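Trainee: Any chance you can model this:
(one chain, ligands or ions: 1)
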Amino acid sequence: MPEATHSSLLPEDRVLLEKLLAGERRALAKAITLVESSRADHRHRANELLKVLLPRTGNSIRLGISGVPGVGKSTFIETFGLWLVEGGVRLAVLAVDPSSSISGGSILGDKTRMELLATRPEAFIRPSPSAGSLGGVAEKTREAMLLAEAAGYNVVVVETVGVGQSETTVAEMVDMFILLQLPNAGDDLQAIKKGIVEVADLILINKADINPQAAAFACTQWKNALKMLRPTSPHWTPPILTVSAVKREGLEVFWREVLAFKSTLEASGEFAAKRKAQAIRWMWNLIDAGLRHRFHEHPLVRAELSKLSELVAEGRISPTVAAQQLLGFLQHS
Ligand code: GDP
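Mentor: Numbers count the residues shown, from 1 in each chain. Next up, the predicted model:
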């Protein structure tokens, strides 16, 4: 396939592209707004932009960070983020917030979070898109991640709140998934029950400053619990570390483990393989969503769906017959 060229872009988007590639934060914010828009013309412009940018993406380490509300996600990301940017790293923080897609409100997206980090020119912080289903929000975050990479951000953190399905959604778009926990066992059990721990590549016990002994005990408990689970990679045992986001303790050890994870998985070939599998899965998610959309928008489906649903509910036709008839409509354009 020929490489997409700048000529496929509107003049204003060509300017946007140049500014984005130069690492301008406002250009990145504007490009993400384009990607998040549901307007068809915006979608088209966003796709053209992404086509041109694609060869410039992929040069970051993508970290997912999750944990229940109050565990200290924003405090940790701010502390860790400041430490990183002081070390010359450019960091983008993107949020996937399931609450925003359900209620229109948001647990993660309020503007007062990570105030210090937000003032740093080397950092870019973007709250979760506020419309659409979790799947839709996640797709937009994936695209935002690519844009951030093209803008030269070399660490991308995707933050999500640990309530429900969003962790697995995020784990499927990042290289390394990190779970923040409080030093108490009730919390641990919740995470194990929900299957979140299975996707964790590293566990951080935060707030270790409050009671270091309890934190150390939680570490041991976690180590034992994890022995019973299948690791995310045969070459990697998820480390369990204690940190204090407010006291800035444990950041260096954490970062060392992140780099060790990357080099270990690169050496085994899993790093690239994981990204490839994620890209294919992403494509299928979009195909599924596209087919569903096309189905619901089809005039014959719109005309017949509620009547057929009623007949199925009343037991007058079988679900199989109804489904076949409805799907058959797709053949008439
Ligand atoms: P989030 O909802 O997961 O983003 O949690 P926040 O970052 O908003 O933190 C919730 C509360 O825990 C805030 O009052 C923080 O100051 C506090 N907190 C976060 N990290 C630590 C920590 O390491 N130690 C202590 N003592 N408090 C912390």
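Trainee: Pull out the buried positions in the helix or strand hosting Glu48.
Mentor: In this assignment (DSSP states H and E), Glu48 forms part of helix 40-53. Judged by neighbour count using 16 or more other Cβ atoms under 10 Å, the buried positions of helix 40-53 are Arg45, Ala46, Glu48, Leu49, Leu50, Val52, Leu53. Using the backbone N, CA and C atoms, a C-beta is placed for each residue, glycine as well.
Trainee: So which elements touch it?
Mentor: Applying 3 or more Cβ pairs under 8 Å, 6 or more residues apart in numbering; DSSP states H and E, we find helix 40-53 packed against helix 11-21, helix 25-36, helix 134-150.
Trainee: Identify the residues contacting the second one?
Mentor: Which is helix 25-36. Under the contact criterion Cβ atoms under 8 Å, 6 or more residues apart in numbering, helix 25-36 has outside partners 16, 19-20, 42, 45-46, 49-50, 92, 121, 124, 126, 129, 131, 140, 143-144, 147-148, 151.
Trainee: are any of these buried, and which?
Mentor: Buried, going by 16+ other Cβ under 10 Å: 16, 19-20, 45-46, 49-50, 92, 124, 126, 129, 140, 143-144, 147-148, 151, out of the contacts of helix 25-36.
Trainee: Specify which member of the buried residues of helix 40-53 is nearest to Ala322.
Mentor: Ala46 (36.6 Å; Cβ to Cβ).
Trainee: Distance check, the closest one against the ligand.
Mentor: 29 Å (Cβ to the nearest ligand atom, to the nearest Å).
Trainee: same thing with Ser306?
Mentor: 42 Å.
Trainee: Tell me if that residue really is in a strand.
Mentor: No: with DSSP: H, G, I helix; E, B strand; the rest coil as the criterion, Ser306 is located in helix rather than a strand.
Trainee: I figured Ala150 hits Leu21, correct?
Mentor: Yes: the criterion here is Cβ atoms under 8 Å, and Ala150 meets it with Leu21 at 6.5 Å.
Trainee: Of these two, which one has the most company?
Mentor: Ala150 (25 against 15; other Cβ atoms under 10 Å).
Trainee: Quick check, pLDDT for the more buried one.
Mentor: Ala150 carries a pLDDT score of 97 in this model.
Trainee: Please report the distance of it from the ligand.
Mentor: Ala150 is 28 Å from the ligand, by Cβ to the nearest ligand atom.
Trainee: How about Phe254?
Mentor: Separation of Phe254 from the ligand (Cβ to the nearest ligand atom): 13 Å.
Trainee: CA atoms of the helix or strand hosting that residue as CSV?
Mentor: With secondary structure defined by DSSP H and E, Phe254 is part of helix 251-268. Taking Å, rounded to 0.1, in the frame of the first residue of the first chain, the C-alpha atoms of helix 251-268 are listed here in CSV:
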residue,chain,number,x,y,z
LEU,A,251,9.6,5.4,42.4
GLU,A,252,13.1,4.4,41.2
VAL,A,253,12.6,0.8,42.0
PHE,A,254,9.3,0.9,40.1
TRP,A,255,10.8,2.5,37.0
ARG,A,256,13.7,-0.1,37.1
GLU,A,257,11.1,-2.9,37.0
VAL,A,258,9.2,-1.2,34.1
LEU,A,259,12.5,-1.1,32.1
ALA,A,260,13.3,-4.7,33.1
PHE,A,261,9.9,-5.8,31.9
LYS,A,262,10.3,-4.1,28.6
SER,A,263,13.8,-5.6,28.0
THR,A,264,12.7,-9.0,29.1
LEU,A,265,9.7,-9.1,26.8
GLU,A,266,11.7,-7.6,24.0
ALA,A,267,14.3,-10.3,24.4
SER,A,268,11.7,-13.1,24.2
